[in-house]
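Student: Below are the sequence and a predicted model; questions follow.
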Amino acid sequence: MSEIQQQIDRILARVHDGGRITYDEGTLLYKHADLLDLAEAANARRFQLNPQPFVTYLVDRNINYTNYCITDCQFCNFYALPGDNKKGYVNSKETLGKKIEEALALGATRILMQGGHHPDLPLEYYTDLVGWIHQTYPTIEINAFSPSEIQHISNVSGQSWHSVLSALKAVGLQGLPGGGGEILDDEVRKRVSPKKIMTNDWFGVMKVAHELGLTTTATMVIGFREELRHRMNHLQRLRDEQDDSLARFGSGFNAFISWTVQIENTPLARSRFAQEYGATSTEYLRHTAIARIFLDNLPHISASWPTQGAKVGQVALHFGCDDFGSTMIEENVVSAAGAITGAMPAMEPREIHRQIRAAGFIPVQRNTDYQHLCVYEDPAADEALPSLADIRERAAAQAKALAAAQKIANVTLLN
Ligand code: SF4
């Protein structure tokens, strides 16, 4: 057996015993370990942290309040420049409310609300919006504004991250999505999104969120022509920050999710290096396993079926993932660059159950904090879940009821 293989075996044995691995050991595994050995070790880590054979999922809707943005990320096809009134929008409360009501009718427990970096909207716009949603729909959890949006709001309003986040929390914000992480290494960020938040600030905003007790997740996108050291730098920084937040505040990121960059219709697709962007499914699975092994202080890892497809998402459940993400009722950012999502649930709960069970696990509906809302031990229970046709019917009935209610309200106002 080669010297390298002996080293790999020693490192993987430590993982199976619950031990931590170093940056150099992670790099060695990334480069040389057999893919299935990595899967086995990642699964060992997964069961050390989540011993039950459950795979969780969330019913939620992604909502965008605006797509105006001044940040020009090279991998984005979602945004419109200020002045582009054909593509650009700022959604009204009425439009957002309708989307939330549709989501509630489909059984959603959370909205994930994000937008572009609008040059003019003041802090009051965001606090008014979150406060209105919280007052009007008190049962829905509100996760909104990734660290880059918080930094932008802070810049526009001239207030600190702490003030901005405290004000949003006071009106009902429950947590921050980990979006905008991409590769958290400034060498890569300066190349693909030079105007967007840099690494120290991304973690700085999240630190304040942890201090305030807001729920957070961490994301990572691979395939920007980054080197292995950039990926390992991202993972190392994330683990260090998590150690620090847990020690100081007793809470930190509750999950990690990675996916491969989607570049369709983006400036990256038109660059001379277009063929070199992106990553294969095998690379995604290797990365997922390494992340699960290395991030021993993050409780949950989600599979990314919207970018990888359901089958690879299912395989990822054997590479250390204990969560299948969400139904994704509407997603407009990654799908604008080629992912598989749309205005209806991209995957209905019944299909999520089927994928999870076929992989050998028990499906569990969760909330944002990963608390279990319903454990579906019995496969017969899946029959009672709404099909896509049921969901469409329910959404149409909801829309009709809403239109009727609005008509009555208008008549009352006229009178
Ligand atoms: S990724 Fe976000 S910040 Fe970057 S251009 Fe798109 S909307 Fe703007």
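Tutor: Arrived safely.

Student: going forward, measure contacts between C-alpha atoms and count neighbours the same way
Tutor: Noted.

Student: which of the residues in stretch 168-178 are buried?
Tutor: By 16 or more other C-alpha atoms under 10 Å, the buried positions in stretch 168-178 come out as 168-169, 171-178.

Student: With stretch 113-121 instead?
Tutor: By neighbour count with 16+ other C-alpha under 10 Å, stretch 113-121 contains the buried residues 113-119.

Student: Now the terminal residues of it, how far apart.
Tutor: One end of stretch 113-121 to the other measures 15 Å (C-alpha to C-alpha, to the nearest Å).

Student: how about the residues of the stretch 101-250 of the chain that lie near the ligand?
Tutor: 116-117 (C-alpha under 6 Å from any ligand atom).

Student: residue ranges for the helices of the stretch 101-250 of the chain, please.
Tutor: 123-136, 147-157, 161-170, 186-192, 199-211, 228-249 (DSSP state H, counting those that start in this stretch).

Student: Would you format these as a markdown table with mean pLDDT included?
Tutor: Formatted as a markdown table, the helices of the stretch 101-250 of the chain follow (pLDDT from 0 to 100):
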| stretch | mean pLDDT |
| --- | --- |
| helix 123-136 | 98 |
| helix 147-157 | 98 |
| helix 161-170 | 98 |
| helix 186-192 | 97 |
| helix 199-211 | 98 |
| helix 228-249 | 98 |
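
Student: Arg110 and Arg61 touch, don't they?
Tutor: Yes: counting by C-alpha atoms under 8 Å, Arg61 is a contact partner of Arg110 at 6.7 Å.

Student: Who has more neighbours out of those two?
Tutor: More neighbours surround Arg61 than the other of Arg110 and Arg61, with 27 against 22 (other C-alpha atoms under 10 Å).

Student: From the rest of the structure, what touches stretch 82-101?
Tutor: Residues outside stretch 82-101 that contact it (C-alpha atoms under 8 Å, 6 or more residues apart in numbering): 61, 63-70, 79-81, 111, 118-119, 129, 133, 398-399, 402.

Student: Now a PyMOL select for only the buried ones of the residues you listed.
Tutor: The buried residues among the contacts of stretch 82-101 can be selected in PyMOL (16+ other C-alpha under 10 Å) with this line:
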select buried, resi 61+63+64+65+66+67+68+69+70+79+80+81+111+118+119+129+133+398+399
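
Student: Which ones among the contacts of stretch 82-101 lie within strands?
Tutor: Assigned to strands by DSSP state E, the following of the contacts of stretch 82-101 qualify: 61, 63-64, 111.

Student: any idea which of the residues you listed is the one closest to the ligand?
Tutor: Nearest to the ligand among those: Asn64, at 9.8 Å, using C-alpha to the nearest ligand atom.

Student: does that closest one have beta-bridge partners, and which?
Tutor: Gln114 (DSSP bridges).

Student: The stretch 1-150 of the chain: strands as residue ranges?
Tutor: Here the stretch 1-150 of the chain has its strands, by DSSP state E, counting those that start in this stretch, at 54-58, 60-64, 110-114, 141-144.

Student: coming back round to it: switch the buried residues of stretch 113-121 over to CSV; also include distance to Leu104 and pLDDT.
Tutor: Shown next, in CSV, are the buried residues of stretch 113-121 (distance: C-alpha to C-alpha, whole Å; pLDDT from 0 to 100):
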residue, distance to Leu104, pLDDT
Met113, 15, 97
Gln114, 18, 96
Gly115, 21, 97
Gly116, 25, 98
His117, 27, 98
His118, 28, 98
Pro119, 31, 97
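
Student: returning to what we had before: among the strands of the stretch 1-150 of the chain, which one carries the weakest average confidence?
Tutor: Ranked on mean pLDDT, the bottom entry among the strands of the stretch 1-150 of the chain is strand 60-64, at a mean of 92.

Student: Residue ranges in this protein under the pLDDT threshold?
Tutor: For the chain, applying pLDDT under 70 flags the ranges 330-345, 387-388, 391-392, 394-415.
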